[in-house]
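# just a sequence and a predicted model for now, questions to come.
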Amino acid sequence: MKSMRINTEKSALLVVDIQTRLAPAMHQPESVIQANHALIQAAKIINIPVFASEHCAERIGPTVSDLRALLRDEEILAKRHFSCADDAVITQRLKQLGKQQILVTGMEAHVCVLQTVLGLAEQGFAPLVVADAVASRHLENKTLAMQRLRHAGIQVVSTEMALFEWMGHADHPAFKDILKLIKSL
């Protein structure tokens, strides 16, 4: 049986379209941004690759400043397709990593996040969606997206699940730093 646990050696983080003009329209955007902040910080501490997509940034704006401050320029990937999986540059970057598990977060859950996760699965990745790190304008749309992803066989996890599974044990060298991030949620 294949492992269902999140593994640091196999995973990368993909933050989808958490942008300045989009975020304020979301349901509870502050908690979603906070969860993404913790995930990005933890990924950086543990050396897990991170990418963030920006959909039509000329219209929707750049990645929100709290998250942008954590990312290098080369980790920001422009896109025009709703699905990151339909963008050749993004999928090429993900394939070059050699990581199978792609933890996906972002906005909107029922559009770009949903299409990205389904597309990555179609391409042979094992995507997971981090439920408390995604948002839609209306909670019902997020709920429907999570249900659809579960029915498609996609693992739906939480930020804390991801952080604890990335560490694996209490003796992990980053445990104290990651625990601070968890307590900040």
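Structure's in. What do you need? Owing to the predicted nature of the structure, the values given are computational and were not obtained by experimental measurement.
# helices of this protein, start to end?
Remark: helices assigned in the chain by DSSP state H are 29-46, 57-60, 65-68, 88-97, 114-122, 139-151, 159-167, 175-183.
# kindly state the pLDDT recorded for the residue nearest to Thr63 when sequence neighbours are not counted?
Of all residues not flanking Thr63 in the chain, Ala52 sits nearest, at 5.3 Å (CB to CB, 6 or more residues apart in numbering). The way it works is simple: take the backbone N, C-alpha and C, and place the C-beta from them, glycine included. Ala52 is assigned 98 on the pLDDT scale.
# isn't Ala52 up against Glu74?
No - using CB atoms under 8 Å, Ala52 is not in contact with Glu74, being 10.9 Å away.
# compare the two (neighbour count), which wins?
Applying other CB atoms under 10 Å to Ala52 and Glu74 shows that Ala52 carries more neighbours, namely 25 against 8.
# ok, that one to Arg148 distance?
23 Å (CB to CB, to the nearest Å).
# ditto for Leu139
On the measure of CB to CB, Leu139 and Arg148 end up 15 Å apart.
# same question for Glu9.
29 Å.
# looking at the two, which is more packed in?
Taking other CB under 10 Å, Glu9 and Arg148 do not tie; Arg148 has more neighbours (15 against 9).
# ok, the more buried one - contacts?
By CB atoms under 8 Å, 6 or more residues apart in numbering, the contact set of Arg148 is Leu114.
# cool, and Ile178?
The contact partners of Ile178, by CB under 8 Å, 6+ apart, come to 42, 45-46, 163, 166-167, 172.
# output the longest strand belonging to this structure.
Among the segments of the chain that qualify as a strand by DSSP state E, the longest is strand 126-135.
# can you give me the end-to-end span of stretch 60-71?
18 Å (CA to CA, to the nearest Å).
# what is the mean pLDDT for it?
For stretch 60-71, mean pLDDT rounds to 97.
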